[in-house]
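1. Have a look at this prediction, sequence included:
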There are 2 protein chains.
Amino acid sequence: MENQKSHCPINLSLEIFGDKWSLLIIRDMMFAGKRYFRELLQSDEKIATNILTDRLAMLELKGIISKAADPNHKLKYIYSLTKKGIELLPILAAIGTWGMKHEPYDTSIPSHAKKIMKGGKPVLDEMKKHLAKQHLKSK
Amino acid sequence: MENQKSHCPINLSLEIFGDKWSLLIIRDMMFAGKRYFRELLQSDEKIATNILTDRLAMLELKGIISKAADPNHKLKYIYSLTKKGIELLPILAAIGTWGMKHEPYDTSIPSHAKKIMKGGKPVLDEMKKHLAKQHLKSK
């Protein structure tokens, strides 16, 4: 275990993903189905290459994503959410729900994303199953 | 409106509180009942004075907390969560729930904090009411 600043569960979580970019990478893997470095580089927020490299390595180290050679393109890597990563869904949904309520968001976001953020537990459970099928089978 | 990098509701939220320190300040106001600068400075994570000053100003600017002269000590300021700030509770709870499940947390954390993180919607609703009584009346 590293030098964590405290063992409060909120702090432990934030020491792993408590920065804007990590959560945006996870958002793109969850809601936009992105799996490749090049896809993740193309968000509206324009993440820098070195930040993306750094955050992917951290998320892999912490067991939130896994990295494997793409079976279809041997020179490419494909990133998957792990079970631990998929369980970040309620956090992302709660962040999105708050943003939709309090900030002037772009209402043209995909309707499935809106549904997930507003749908409560049954919709989240459904989405978790979908993510498990998509991400855990390819390991 | 400022130069936001995108109008995705998750991004808009993260541009406001998407950093470890902002969320730890909100944690301390929600779960430890802290209201004064000096109290907030004394977390286990040892936030630096300049970071605390900076984040409190940002959270106030964004309407998540309010700052007022303390009626009992004219030279002190007291910080309160606004309604918008209290509505961050489900996010904090989800972050804590994930940490309790996946990281080796300190099991001696207050039992009310554990209950909030594990209790689901009814417990969150109860806690929101409690926070509203504590924070919104003093405005």
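-> Nice, thanks for sending it over.
2. The helix or strand hosting residue A:92 vs chain B: in contact?
-> If you go by DSSP states H and E, residue A:92 is part of helix A:89-102. Yes - on the criterion C-beta under 8 Å from any C-beta of the partner chain, helix A:89-102 is in touch with chain B at A:90, A:91, A:92, A:94, A:95, A:96, A:97, A:98, A:99, A:100, A:101, A:102. C-beta: built from backbone N, CA, C; applies to glycine.
3. what packs against that helix?
-> helix A:20-31, helix A:111-118, helix A:121-136, helix B:9-17, helix B:89-102 (3 or more C-beta pairs under 8 Å, 6 or more residues apart in numbering or on different chains; DSSP states H and E).
4. wait, which of those helices is closest to residue A:40?
-> Among the helices and strands packed on helix A:89-102, the nearest to residue A:40 by C-beta to C-beta is helix A:20-31 (5.8 Å).
5. Just the residues contacting that closest one, thanks.
-> With contacts defined as C-beta atoms under 8 Å, 6 or more residues apart in numbering or on different chains, helix A:20-31 is touched by A:16-17, A:34-35, A:39-40, A:43, A:45, A:47, A:51-52, A:55-56, A:58-59, A:64-65, A:79, A:81, A:85-86, A:88-89, A:91-92, A:95, A:110, A:112-113, A:116, A:127, A:131, A:135, B:8, B:10-11, B:14-15, B:18-19.
6. and these, which are buried?
-> A:16-17, A:34-35, A:40, A:43, A:45, A:47, A:52, A:55-56, A:58-59, A:64-65, A:79, A:81, A:85-86, A:88-89, A:91-92, A:95, A:113, A:116, A:127, A:131, A:135, B:8, B:10-11, B:14-15, B:18-19 (16 or more other C-beta atoms under 10 Å in any protein chain shown).
7. Off-centre distance for the helix or strand of chain A with the lowest mean pLDDT?
-> None of the helices or strands of chain A scores lower by mean pLDDT, DSSP states H and E than helix A:111-118, at a mean of 81. Chain-centre distance of helix A:111-118: 15 Å, with C-alpha atoms, centre = their mean, to the nearest Å.
8. elements contacting that helix?
-> If you count contacts as 3+ C-beta pairs under 8 Å, 6+ apart, helix A:111-118 packs onto helix A:20-31, helix A:89-102, helix A:121-136.
9. Any chance of CSV for those, columns distance to residue B:75?
-> Converted to CSV, the helices and strands packed on helix A:111-118 look like this (distance: least, C-beta to C-beta, whole Å):
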stretch, distance to residue B:75
helix A:20-31, 36
helix A:89-102, 33
helix A:121-136, 47
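10. Take those helices and write them to CSV, including mean pLDDT.
-> What follows is those, written out as CSV (pLDDT from 0 to 100):
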stretch, mean pLDDT
helix A:20-31, 96
helix A:89-102, 95
helix A:121-136, 92
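11. deepest of the helices and strands packed on helix A:89-102, which one?
-> helix B:9-17 (a mean of 24; mean count of other C-beta atoms under 10 Å in any protein chain shown).
12. Do any residues in that helix lie close to chain A?
-> Yes - using C-beta under 8 Å from any C-beta, helix B:9-17 reaches chain A at B:9, B:10, B:11, B:12, B:13, B:14, B:15, B:16.
13. So which residues make contact with that helix?
-> Helix B:9-17 has contacts (C-beta under 8 Å, 6+ apart) with A:20, A:23-24, A:27, A:44-45, A:92, A:95-100, A:102-106, A:109, A:117, B:4-6, B:22-23, B:26, B:58-59, B:62, B:64, B:88.
14. ok now it, how far from the chain's centre?
-> With C-alpha atoms, centre = their mean, you get 15 Å for helix B:9-17.
15. I appreciate the help and will end here.
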